[in-house]
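Novice: I need the structure of the sequence given here:
(one chain, ligands or ions: 2)
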Amino acid sequence: MQATMEKPLLELRDVAKVFRLASGEVTAIENISLAMNAGELVALVGPSGSGKTTLLNIIGSLDRPTHGDVCLQGERIDTLSEERLVRFRREKFSYIFQDARPLRMLNVLENTLLPFNFFKPADRNGKLKEEGIEIIRSLGLGHRLYHMPNQLSGGEIQRVAIARALITRPLVILADEPTANLDRENRLFVIQTFRNLTREKGLTIVFSTHDLEMAGIADRVLHLQDGTLVKVEDGDCCPCPSN
Ligand SMILES: Nc1ncnc2c1ncn2[C@@H]1O[C@H](COP(=O)(O)OP(=O)(O)OP(=O)(O)O)[C@@H](O)[C@H]1O
Ligand SMILES: [Mg+2]
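Specialist: Residues are numbered from 1 along each chain as shown. Ligands and ions are numbered 1, 2, ... in the order given. Sure thing, here's the model as predicted:
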C-alpha cells in the first residue's frame, strides 16, 4: 500500500437504491457511506434481503444508485456513460458469484482466459496463456489445467472462478456469497486465498456471506440490516491455519 495515497480506493457517500415496481417502491439500501482502501478484505453480512447483493452490485458498478455518489480512485463512477462504464468495469473490477458456472465446452485454462474473448489488453499479447497457467497453479489446480468443468468438484469450480477473476488484473474483486455451496475446507480455502491476495497483491476484495466464521477472516465486517449499515467491526485475526 502506498503511504502517499490519501484518498480511499473506493468511496460510497450516502448511497441509496430504490427499486420502482408496478406494485410500489422497494428501498433495498439507504444511507450507506463507506470507504475502502487498497489491500483491504471486507465482508458483508446480514440477513436475507438486507441488501448485500444490491450493495455489491453498486460498489462494482453493475448497478447505479438512485441516490448518492460512488467513487473509485477519486473519480465518480455512478455518473459515467454506459459505454465508459463498461470499459471501466472490465479494467477495474472482477466478479465472483455463488454459483460459478464455467462454460461447459471449455477446459479450466480456456475458462480462465475467457474474459479475453471480449477484450484484449495490448500490453499482454502472447503472455496471457502463461499467466493463466501460473494463476491456476497458484490456486492449487495445476493438475487440472485441461480438465473440463464436469470433471471438477464444486471447490475446484470456484477456484476456476477465482482464476478468471484474477486474469484481468482488477483493482477490486466483488464476490457475492462465493462460498455458499462449499464445504468448510473449501470455504476456508477461498477466503484464505482472498486474504492472501489482498495482503500480497494489494487487491481490494469485498465478499458477502452468511457464514460468520468466514466473515471473521476479513479485515472489516460490515453488518447490514433492512438496507442500512448497522455495525462495522474489525474481523478477528484469522481463526484457522494459513495455507
Ligand atoms: N431488482 C429488484 N427489484 C425489486 N426489488 C429488489 C430487486 N433486487 C433486490 N430487491 C429487494 O431489495 C432488498 C435487498 O435485496 P438483496 O438481494 O440485496 O438482499 P441480500 O442481502 O443479498 O439477500 P440474500 O442474503 O437472500 O442474497 C430485498 O427486499 C429485495 O426483495
Ligand atoms: Mg444476495
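
Novice: quick check: buried residues in the helix or strand bottoming out on mean pLDDT in the chain?
Specialist: Lowest by mean pLDDT, DSSP states H and E among the helices and strands of the chain is helix 82-92, with a mean of 91. Of the residues in helix 82-92, 85, 89, 92 count as buried by neighbour count, 16 or more other CB atoms under 10 Å. Quick note: C-beta positions are derived from backbone N, CA and C, even for glycine.

Novice: kindly export that helix (C-alpha atoms) in CSV.
Specialist: Output of helix 82-92 as CSV, limited to C-alpha atoms (Å, rounded to 0.1, in the frame of the first residue of the first chain):
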residue,chain,number,x,y,z
GLU,A,82,-22.9,3.3,-20.2
GLU,A,83,-20.1,3.0,-22.7
ARG,A,84,-17.4,4.3,-20.3
LEU,A,85,-18.8,2.3,-17.5
VAL,A,86,-18.5,-0.9,-19.5
ARG,A,87,-14.8,-0.2,-20.1
PHE,A,88,-14.2,0.9,-16.6
ARG,A,89,-15.8,-2.3,-15.2
ARG,A,90,-13.6,-4.5,-17.4
GLU,A,91,-10.5,-2.8,-16.4
LYS,A,92,-11.1,-2.3,-12.7
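
Novice: offset the numbering so it begins at 24, please.
Specialist: OK, 24 is where the count begins now, so the last one is helix 105-115.

Novice: who's in contact with the next helix or strand after that helix?
Specialist: Note on helix 105-115: by DSSP states H and E, the next helix or strand toward the C-terminus is strand 116-120. With CB atoms under 8 Å, 6 or more residues apart in numbering as the contact definition, strand 116-120 has outside contacts at 83-85, 181, 184-185, 187-189, 191, 193-201, 230.

Novice: and if we set it to 10 Å?
Specialist: Identification of contacts with strand 116-120 by CB atoms under 10 Å, 6 or more residues apart in numbering yields 76, 79-80, 82-85, 95, 100, 112, 138, 181, 184-185, 187-203, 213, 217, 226-228, 230.

Novice: pull the CA atoms of that strand into PDB?
Specialist: Provided in PDB are the C-alpha atoms of strand 116-120 (Å, rounded to 0.1, in the frame of the first residue of the first chain):
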ATOM      1  CA  PHE A 116     -13.500  -4.900 -11.400                       C
ATOM      2  CA  SER A 117     -13.900  -8.700 -11.400                       C
ATOM      3  CA  TYR A 118     -16.900 -10.600 -10.100                       C
ATOM      4  CA  ILE A 119     -17.300 -14.000  -8.500                       C
ATOM      5  CA  PHE A 120     -20.700 -15.400  -7.800                       C
END
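
Novice: direction included, what does that strand pair up with?
Specialist: Within its sheet, strand 116-120 is paired with strand 195-199 (parallel), according to DSSP bridges.
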